[in-house]
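Student: what's the 3D shape of this:
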Amino acid sequence: MTQETVAKAIAEIPLREEPRHAERKQVSVQELVESLRSVADDIGQISELTGEEKLLVAQFFASLLKLMQPLAPSIPVSASALPFDPGALAQAYVDPTGHLTLMFRDGRMELKNLAEERNRDLMVAVVEDTMPKFKGLTSAQKRKIEGRIKFLTTVTKELQKISDTLASAMSTGQE
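Tutor: Next up is the predicted model:
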């Protein structure tokens, strides 16, 4: 490219005019004060909501602990549900105390406490993924107990028949 070609190319670039200071809209002191009051209200609500969230999270994990302990030591979490590179993540599990175990393909392991405030978005992702799985655990447990009851009912009825027959035979033989 010659200097003349470069000069023509530069000349064809439209020039942006910088906004002039005088053209900028001036914000009144009243508008600033109202804005700051709104910020103060938001901060107050954030504080209240954070306290409420903390209590709900504690109640959630206390309930999960009670419900999960008899069913399973942990529930698998789908890698696609987590904000990590799914290719890097080998396995993930959440335990009844609210700890997420992350096992990476490179051998690293991380433990995240989902009850911590900094992990709340992660907690929501885990809960959304695991609640249907938790439902599956409870349904499986219910079916397992129903199967045992059916088995024990059949066996118990047969034992009762034998016991009644034996008792009847023993009482007839003693007369």
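Student: Met103 should be in a helix, yeah?
Tutor: No: counting by DSSP: H, G, I helix; E, B strand; the rest coil, Met103 is not part of a helix but strand.
Student: average pLDDT for stretch 49-56, rounded please.
Tutor: For stretch 49-56, mean pLDDT rounds to 93.
Student: just the buried residues of that stretch, please?
Tutor: By 16 or more other Cβ atoms under 10 Å, stretch 49-56 has no buried positions at all. Heads up, the C-betas are built off the backbone N, CA and C, glycines and all.
Student: equivalent analysis for stretch 102-109, please.
Tutor: By 16+ other Cβ under 10 Å, the buried positions in stretch 102-109 come out as 102, 104.
Student: now swap in stretch 166-175 and tell me
Tutor: Within stretch 166-175, judged by 16+ other Cβ under 10 Å, no residue is buried.
Student: CA atoms of that stretch as PDB?
Tutor: Below are the C-alpha coordinates for stretch 166-175, written out as PDB (Å, rounded to 0.1, in the frame of the first residue of the first chain):
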ATOM      1  CA  LEU A 166     -50.500 -78.300  64.700                       C
ATOM      2  CA  ALA A 167     -52.300 -76.900  67.700                       C
ATOM      3  CA  SER A 168     -55.500 -78.700  66.600                       C
ATOM      4  CA  ALA A 169     -53.700 -82.000  66.100                       C
ATOM      5  CA  MET A 170     -52.000 -81.600  69.500                       C
ATOM      6  CA  SER A 171     -55.200 -80.900  71.300                       C
ATOM      7  CA  THR A 172     -57.000 -83.800  69.600                       C
ATOM      8  CA  GLY A 173     -54.100 -86.200  70.500                       C
ATOM      9  CA  GLN A 174     -54.200 -85.200  74.200                       C
ATOM     10  CA  GLU A 175     -57.800 -86.100  74.700                       C
END
